[in-house]
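Peer 1: Give me the fold of what follows.
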Amino acid sequence: MTKQKGFTLIELLVVIAIVAVLAGALLIAINPQSMVQKGRDSKRLQDIDTLVQAINLALADGEILITDTTGCANCTSTGDTAVDGTGYVPFTIPLNKTGLSKFIAALPTDPLNTAPNIYTYASDATNFEVNAVLEHADNLAKMTTDGGNNAAIYEKGTTLTLIN
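Peer 2: Sure, this is the predicted structure:
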């Protein structure tokens, strides 16, 4: 009788089962959903920082005058992203000025951009606030220590009590 080279069906099934168990354990360890949430939160934090910086620079350069947004129904990132004062960050543009366009090309939108994951803007004509909801539990400290009045929302701006 000649000895055949190769694997038996049982040996192949055992190897496939071991690989499947290891792949499952790897997926549990990596937790892809958590990684996606962290990625979206990272974009949110960057967007809010960019928007607040653009508004502050435009105010300092006299490019915009912020307006009172009391009762504004479109002051969220689900609204228009124009940087000419008609977007979800309303403002007036003084004569011979350009608004936010020299600081930011378009107003940012949340990666999901459906409630509750939207950016919210408010102003009292002197101060402003921009908010975002962060998804991942690792960012809870950022929301609770940002100096705002809502521990479940990331708040940034000049006055962090304009939005409840």
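Peer 1: where do the strands sit along the chain?
Peer 2: Remark: strands assigned in the chain by DSSP state E are 65-66, 91-92, 120-123, 128-132, 154-157.
Peer 1: Need these in JSON lines (columns: mean pLDDT).
Peer 2: Shown next, in JSON lines, are the strands of the chain (pLDDT from 0 to 100):
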{"stretch": "strand 65-66", "mean pLDDT": "96"}
{"stretch": "strand 91-92", "mean pLDDT": "96"}
{"stretch": "strand 120-123", "mean pLDDT": "95"}
{"stretch": "strand 128-132", "mean pLDDT": "96"}
{"stretch": "strand 154-157", "mean pLDDT": "96"}
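Peer 1: got JSON lines for the ones you listed, with mean neighbour count too?
Peer 2: Using the backbone N, CA and C atoms, a C-beta is placed for each residue, glycine as well. Listed next are the strands of the chain as JSON lines, based on neighbours: other Cβ atoms under 10 Å:
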{"stretch": "strand 65-66", "mean neighbour count": "18"}
{"stretch": "strand 91-92", "mean neighbour count": "18"}
{"stretch": "strand 120-123", "mean neighbour count": "24"}
{"stretch": "strand 128-132", "mean neighbour count": "25"}
{"stretch": "strand 154-157", "mean neighbour count": "22"}
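Peer 1: Can you add distance to residue 100 and give those strands back as CSV?
Peer 2: Below are the strands of the chain laid out as CSV (distance: least, Cβ to Cβ, whole Å):
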stretch, distance to residue 100
strand 65-66, 11
strand 91-92, 8
strand 120-123, 12
strand 128-132, 12
strand 154-157, 15
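Peer 1: List of residues touching stretch 107-127?
Peer 2: With contact meaning Cβ atoms under 8 Å, 6 or more residues apart in numbering, stretch 107-127 is reached by 40, 43-44, 47-48, 50-51, 66-70, 72, 75-78, 80-83, 87-91, 100, 128-133, 135, 157-159, 162-163.
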